[in-house]
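[1] Next come a sequence and a model predicted from it.
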Amino acid sequence: MEAVLPLQHLLDRFENIVGLFTLDATALSQMSGGVDLAAVLASQVPTMRGRSANSPEAAEWIASLCPDILLVVGWTQLIKPPLLSLPRIAALGFHASLLPKYRGRAPVNWAIIHGETETGNTMLVLEPGADEGDIVSQRKISIAFDDTCRTIYEKVSQTECEMLDEVLPLIRQGRLPRVKQDEAVATVMPKRRPEDGLIDWSWASNRLYDWVRALTHPYPGAFTFSMEEKVLVWKVEIAQATANDAPGLVSHDSDGWPLVATGDGHLRLLQVECRDSGVVSGLQAARSFLNSGLRFPSAATLRGVA
């Protein structure tokens, strides 16, 4: 998803893209928000599909193209030294944070989870270590209260176009800006797995609101359970309910929307999904499987903690 806009931008500028390596169908199906770039770009660019850009076959194909720059966009695999050494000028990539903060996996998700109001995007020289290379350019990105992981990545894609417009002319002049990262302020975030999205209803409403919008589409989603049935929670809003209910207890507001008690208030469920319903509005769910009086189990119970 992240790579579509900048790659189309390069094509619109008539940049000489000599080749595109992208994931094959199997690998793409295992990636949240994955897009078949070859299909998007049609036959405009010579393309190779595979499971890893580091494979000998991929490296041999890329070497045959004699690239000046290896540009890595929206890629989750570390690029290894044999591939990094192929471009004549540099291997450049993007990381969706203000490096050296939020190195590692899922930087946008983690920034929203942590309640940040600002993140960013960094163009960097790729090195063997994850997100450790010199900074070439950066852009700050605001995180609005109603932003989600999807809308932030849309902003990320736009800043990639801006940085390409800034940096490519400099490279043609023989200049590549490079600033060392400050290791003293570096932070590294761990990989997120689908099972990490379990909702803890004892948390404060603001924290849960951030949790849901950080994990919504195109990611696997925040979730809870109803009668052992997994319920995905895709969209919520903080409700002004006054009842002092136990965390996880479901009630309905005056319009019939489901409310769930949190550690300090209530969330209104706007969009949910379970196996039998598919994605439905909270109002539809309240009329079928989210009955008033239902209580979602605590995270401790679901994790087997007494």
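    Right, received. Where do you want to start?

[2] So which residues of the protein form strands?
    Secondary structure of the chain by DSSP state E: the strands cover 20-23, 47-50, 69-72, 90-95, 103-104, 118-125, 135-142, 188-189, 222-226, 229-239, 250-252, 258-261, 266-274, 278-281.

[3] Alpha carbons only: can I get stretch 249-269 in PDB?
    What follows is stretch 249-269, C-alpha atoms only, in PDB (Å, rounded to 0.1, in the frame of the first residue of the first chain):
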ATOM      1  CA  LEU A 249     -19.900  -4.900  30.300                       C
ATOM      2  CA  VAL A 250     -22.000  -4.200  27.200                       C
ATOM      3  CA  SER A 251     -25.000  -1.900  27.300                       C
ATOM      4  CA  HIS A 252     -27.000   0.100  24.700                       C
ATOM      5  CA  ASP A 253     -27.300   3.800  24.400                       C
ATOM      6  CA  SER A 254     -30.600   5.600  23.700                       C
ATOM      7  CA  ASP A 255     -30.200   5.100  19.900                       C
ATOM      8  CA  GLY A 256     -29.400   1.400  20.200                       C
ATOM      9  CA  TRP A 257     -25.600   1.500  19.700                       C
ATOM     10  CA  PRO A 258     -23.500  -0.900  21.900                       C
ATOM     11  CA  LEU A 259     -21.400   0.700  24.700                       C
ATOM     12  CA  VAL A 260     -18.700  -1.200  26.400                       C
ATOM     13  CA  ALA A 261     -17.400  -0.200  29.800                       C
ATOM     14  CA  THR A 262     -13.700   0.600  30.100                       C
ATOM     15  CA  GLY A 263     -11.500   1.300  33.100                       C
ATOM     16  CA  ASP A 264     -12.700   4.900  33.300                       C
ATOM     17  CA  GLY A 265     -15.800   5.200  31.100                       C
ATOM     18  CA  HIS A 266     -17.300   3.700  27.900                       C
ATOM     19  CA  LEU A 267     -16.500   3.200  24.200                       C
ATOM     20  CA  ARG A 268     -19.200   3.100  21.600                       C
ATOM     21  CA  LEU A 269     -18.600   0.300  19.000                       C
END
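
[4] What mean pLDDT does that stretch get?
    Mean per-residue pLDDT for stretch 249-269: 96.

[5] Next: stretch 97-109.
    Stretch 97-109 comes out with an average pLDDT of 96.

[6] ok so, going back, can you list the strands of the chain in a markdown table and add distance to Arg213?
    (Glycine included, C-beta is placed from N, CA and C.) Formatted as a markdown table, these follow (distance: least, Cβ to Cβ, whole Å):
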| stretch | distance to Arg213 |
| --- | --- |
| strand 20-23 | 26 |
| strand 47-50 | 33 |
| strand 69-72 | 27 |
| strand 90-95 | 21 |
| strand 103-104 | 20 |
| strand 118-125 | 13 |
| strand 135-142 | 15 |
| strand 188-189 | 17 |
| strand 222-226 | 9 |
| strand 229-239 | 8 |
| strand 250-252 | 20 |
| strand 258-261 | 16 |
| strand 266-274 | 11 |
| strand 278-281 | 16 |
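
[7] for those, which one ends up most surrounded?
    Neighbour counts (mean count of other Cβ atoms under 10 Å) averaged over each of these peak at strand 258-261, with a mean of 26.

[8] which of the residues in stretch 175-192 are buried?
    Buried residues in stretch 175-192, counting neighbours by 16 or more other Cβ atoms under 10 Å, are found at 181, 189, 192.

[9] got a list of what the first one touches?
    Residues counted as contacts of Gln181 (Cβ atoms under 8 Å, 6 or more residues apart in numbering) are 99-100, 132-135.

[10] Next: the second one.
    Residues counted as contacts of Met189 (Cβ under 8 Å, 6+ apart) are 102-107, 110.

[11] same thing with Cys274?
    226, 229-232, 285, 289.

[12] Now the two most distant members of those residues.
    Using Cβ to Cβ, the contacts of Cys274 span at most 13.4 Å, a distance reached by Lys230 and Ala285.

[13] so where is this protein shaky, pLDDT-wise?
    Scanning the chain for pLDDT under 70 picks out 27-34, 40-43, 303-306.

[14] so what's Ala90 bridging to?
    Assessed by DSSP bridges, Ala90 has beta-bridge partners Ile69.

[15] Can you spell out which helices and strands pack onto the longest helix seen in the chain?
    If you go by DSSP state H, the chain has its longest helix at helix 149-172. Under the contact definition 3 or more Cβ pairs under 8 Å, 6 or more residues apart in numbering; DSSP states H and E, helix 149-172 sits against helix 4-12, strand 90-95, helix 107-113, strand 118-125, strand 135-142, helix 205-215.
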